[in-house]
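*Asks:* coordinates for the following, if possible.
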Amino acid sequence: MLSVVEHPFPVGALVPPHLHTREDEFSIVTQGAIGFRSGDREVVFGPGGYITKPRGQMHAMWNAGTVPARMIEIISPAGFEHCFLEISELIAAGEPDVTEIVAVADRYGLQFGEPDWYRTFRSSEWSRYPKGPLTGIPGRRIRAVSPLGRISRALLAFALVVVAGTAGYLLLGFGILDALYQTVTTITTVGFREVHPLTSVGQWFTMLLILAGVGTALYMFGVLLEALIEGHLRHHMERRRMDRRISRMTGHIIICGCGRVGTASAQYLTTLGRDIVVVDRDPERLRDIEHPTVIGDVTDDRTLEAAGISHAQALIAALDTDADNVYVTLSSRALRPDLVIIARARNEGSMSKLVRAGANRVVNPQLIGGRRMGSFALQPHVAEFFDVVMHDENLDYRMEEIPVGPTSPWLGYTLGHMALRERGALLLAIRATSGQFIANPAPSITLEPGTILITLGTPDELDAIRRHVNP
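*Replies:* All right, here's what the predicted structure looks like:
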């Protein structure tokens, strides 16, 4: 189901960077001029202009003109319109407290942030537009605090109270340990006894410390309890462990996009025992993934770096649109010139664009699926044989490629000298350094560095060939 919401934008209104974790938005400007910013991309639309804001993508919006503006939001799936309704009710009841707005945003999976581009925008680019309240609610700027941020602030406030209380008792003549002990027992309401008799000044100070410290301590314990009950700390620790695991991985494969194609790729690579990292902007898609995951926009270089692109073997771009796959391919090739990149293309016309963007291989699932169906119609046994050999993990036989390394002892020798057949595996073809495939190669062919041997055999036979070629 969809929902439709109309938003007014007073002159100078700015909605700070935020992202939706549960829904996608399609915005249509109906009046005035509204600017949109996400990452390095910034646009300003007049009436009739529209833009798509997918879930997981941090973006900001503002009135870019000198008159009030309006836009219509189409939200999919429906449900987020209730967030706007609750915020409107808070405003109607009086000027809302920021914590109330944050609580509503948390319930609907709305996350605010302050990326690097927003600081640059606020300091320079924002000066191009008429000024007004920098907020999505007139007269009030909303800035959400994450659960971990609330924990940090609570602990800092508690530490400041302890330091202030200890310093106060030191000035009253207490020793350092006695001052700390008196402060802690006071603000935690334990109150065993007074370490030293208090003067009237000491009594006034203790009462002030109780009023400030007890509230701070209760707030800190409440925030910690909330984090434990709602799982924020557990989620943070799991994220930290996953990040450390990714940082230790080498030679893994990054899968960008956890749709049908990305999921199928992950399942196949898992059967081969390969390490993979799955990246997607939708947390729901990654909820039940057993592999290391990164939630974020893969068109952002920082997301690719978090997935360990600097020490990965290959990247599979399996996003929903060809435009996104082209952008990811360009970014990945710029970050890693030697990375193997396999990109998905929905349209045949995009295949050449992806190759020019830097993809080593481009796959069109519809084209390959159609050809495979034709093969099953004409040569079902041949097609099934290749399917079984390549994809059936229950079969002992495998087809693999073995490169001839620069230090192989067989360089300069012929295929006949290697006697591969005596080791059980079958040499189906080779790929010469020129890129040419040679099926059923003659024994007289001389091996060169970079020659690829395409072999068929059991895992043990293939391991023996691999050790024989590159000991």
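*Asks:* could you pull out the strands for the stretch 251-400 of the chain?
*Replies:* 252-256, 276-280, 293-295, 312-317, 340-344, 361-363, 398-403 (DSSP state E, counting those that start in this stretch).
*Asks:* helices or strands up against the fourth one?
*Replies:* Going back to what we said before, that points to strand 312-317. Applying 3 or more CB pairs under 8 Å, 6 or more residues apart in numbering; DSSP states H and E, one finds that strand 312-317 contacts strand 252-256, helix 322-335, strand 340-344. Backbone N, C-alpha and C define where each C-beta goes, glycine included.
*Asks:* ok now it, how far from the chain's centre?
*Replies:* 15 Å (CA atoms, centre = their mean, to the nearest Å).
*Asks:* now it - C-alpha only, CSV.
*Replies:* What follows is strand 312-317, C-alpha atoms only, in CSV (Å, rounded to 0.1, in the frame of the first residue of the first chain):
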residue,chain,number,x,y,z
ALA,A,312,38.9,-7.9,-1.4
GLN,A,313,39.3,-10.2,-4.4
ALA,A,314,36.2,-9.3,-6.3
LEU,A,315,33.0,-7.2,-6.2
ILE,A,316,29.6,-8.2,-7.6
ALA,A,317,27.4,-5.2,-8.4
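*Asks:* can you list the buried residues in it?
*Replies:* Buried positions in strand 312-317, judged by neighbour count with 16 or more other CB atoms under 10 Å: 312, 314, 315, 316, 317.
*Asks:* what does the second one give?
*Replies:* Neighbour-count burial for strand 276-280 flags 276, 277, 278, 279, 280 (criterion: 16+ other CB under 10 Å).
*Asks:* do the same with the first one
*Replies:* Of the residues in strand 252-256, 252, 253, 254, 255, 256 count as buried by neighbour count, 16+ other CB under 10 Å.
*Asks:* avg pLDDT for it?
*Replies:* Mean pLDDT, strand 252-256: 92.
*Asks:* tell me what it is packed against?
*Replies:* Using 3+ CB pairs under 8 Å, 6+ apart, strand 252-256 is in contact with helix 260-271, strand 276-280, strand 312-317.
*Asks:* listing partners with orientation, what would you give for the second one?
*Replies:* For strand 276-280, sheet partners with direction are given as strand 252-256 (parallel), strand 293-295 (parallel), following DSSP bridges.
*Asks:* please save the CA atoms from it in PDB.
*Replies:* In PDB, the C-alpha atoms belonging to strand 276-280 read as follows (Å, rounded to 0.1, in the frame of the first residue of the first chain):
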ATOM      1  CA  ILE A 276      31.600 -12.800   1.400                       C
ATOM      2  CA  VAL A 277      30.400  -9.400   2.600                       C
ATOM      3  CA  VAL A 278      26.900  -8.300   1.700                       C
ATOM      4  CA  VAL A 279      26.100  -4.600   1.300                       C
ATOM      5  CA  ASP A 280      22.600  -3.100   1.100                       C
END
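*Asks:* pLDDT on it, on average?
*Replies:* The model assigns strand 276-280 a mean pLDDT of 90.
*Asks:* what does it rub up against?
*Replies:* When contacts are defined by CB atoms under 8 Å, 6 or more residues apart in numbering, strand 276-280 is touched by residues 56, 246, 249, 252-258, 262, 266, 269-270, 286, 289, 291-296, 298, 303-304, 307-308, 312.
*Asks:* 6 Å instead, please
*Replies:* Residues outside strand 276-280 that contact it (CB atoms under 6 Å, 6 or more residues apart in numbering): 246, 252-256, 258, 266, 269, 286, 289, 291-294, 298, 307.
*Asks:* one more: the first one?
*Replies:* Outside helix 260-271, the residues within contact range by CB under 6 Å, 6+ apart are 253, 255, 276, 316, 318, 344, 365, 393.
*Asks:* ok, now stretch 460-471?
*Replies:* 400, 402, 404, 405, 408, 423, 424, 425, 455.
*Asks:* rounded mean pLDDT for that stretch, please.
*Replies:* Mean predicted confidence for stretch 460-471 is 83.
*Asks:* how far does that stretch sit from the chain's center?
*Replies:* 38 Å.
*Asks:* and what of stretch 300-309?
*Replies:* Centre to centre, stretch against its chain (CA atoms, centre = their mean), the figure for stretch 300-309 is 8 Å.
*Asks:* can you pull the buried residues of it?
*Replies:* Buried residues in stretch 300-309 (16+ other CB under 10 Å): 300, 303, 304, 306, 307, 308, 309.
*Asks:* residue contacts, the last one?
*Replies:* Under the criterion of CB under 6 Å, 6+ apart, the neighbours of residue 309 are 335, 336.
*Asks:* got any ranges where this protein has weak pLDDT?
*Replies:* When residues are selected by pLDDT under 70, those of the chain lie in 1, 91-99, 119-149, 191-192, 227-236, 389-396.
*Asks:* what number of residues lie near residue 201?
*Replies:* 11 (other CB atoms under 10 Å).
*Asks:* how much space between it and residue 208?
*Replies:* Here residue 201 is placed at a distance of 11 Å from residue 208 (CB to CB, to the nearest Å).
*Asks:* doesn't residue 27 fall inside a strand?
*Replies:* Yes - with DSSP: H, G, I helix; E, B strand; the rest coil as the criterion, residue 27 is part of a strand.
*Asks:* ok, it to residue 56 distance?
*Replies:* 16 Å.
*Asks:* do residue 309 as well
*Replies:* Using CB to CB, one gets 19 Å for the distance from residue 309 to residue 56.
*Asks:* before we move on, what about residue 468?
*Replies:* 48 Å.
*Asks:* of those two, give the one with the bigger neighbour count.
*Replies:* Ranked by neighbour count (other CB under 10 Å), residue 468 and residue 56 place residue 56 first, with 22 against 18.
*Asks:* so that one makes contact with residue 283?
*Replies:* No - between residue 56 and residue 283 there is no contact under CB atoms under 6 Å: 7.3 Å.
*Asks:* now the helices for the stretch 1-150 of the chain?
*Replies:* 81-92, 98-107, 116-123, 147-171 (DSSP state H, counting those that start in this stretch).
*Asks:* after the longest one comes which helix or strand?
*Replies:* Elements were assigned by DSSP states H and E; along the chain past helix 147-171, the next helix or strand is helix 176-187.
*Asks:* now whichever helix or strand comes after that next one: buried residues?
*Replies:* Using DSSP H and E, the helix or strand that directly follows helix 176-187 along the chain is helix 200-230. In terms of neighbour count (16+ other CB under 10 Å), helix 200-230 has its buried residues at 202, 205, 206, 209, 212, 213, 216, 217, 220, 223, 224, 227.
*Asks:* now for these, which pair is the farthest apart?
*Replies:* 202 and 227 (35.8 Å; CB to CB).
*Asks:* got phi/psi on residue 406?
*Replies:* With angles defined as degrees, to the nearest 10, residue 406 sits at phi -70, psi -20.
*Asks:* helices of the stretch 301-450 of the chain, start to end?
*Replies:* For the stretch 301-450 of the chain, the helices defined by DSSP H, counting those that start in this stretch cover 301-306, 322-335, 351-357, 365-378, 380-391, 415-418.
*Asks:* mind putting the strands of the stretch 251-400 of the chain into TSV with distance to residue 385?
*Replies:* As requested, those are arranged in TSV below (distance: least, CB to CB, whole Å):
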stretch	distance to residue 385
strand 252-256	26
strand 276-280	27
strand 293-295	35
strand 312-317	26
strand 340-344	24
strand 361-363	21
strand 398-403	10
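*Asks:* just tell me which of the ones you listed ends up closest to residue 189.
*Replies:* Nearest of the strands of the stretch 251-400 of the chain (CB to CB): strand 293-295, 41.1 Å.
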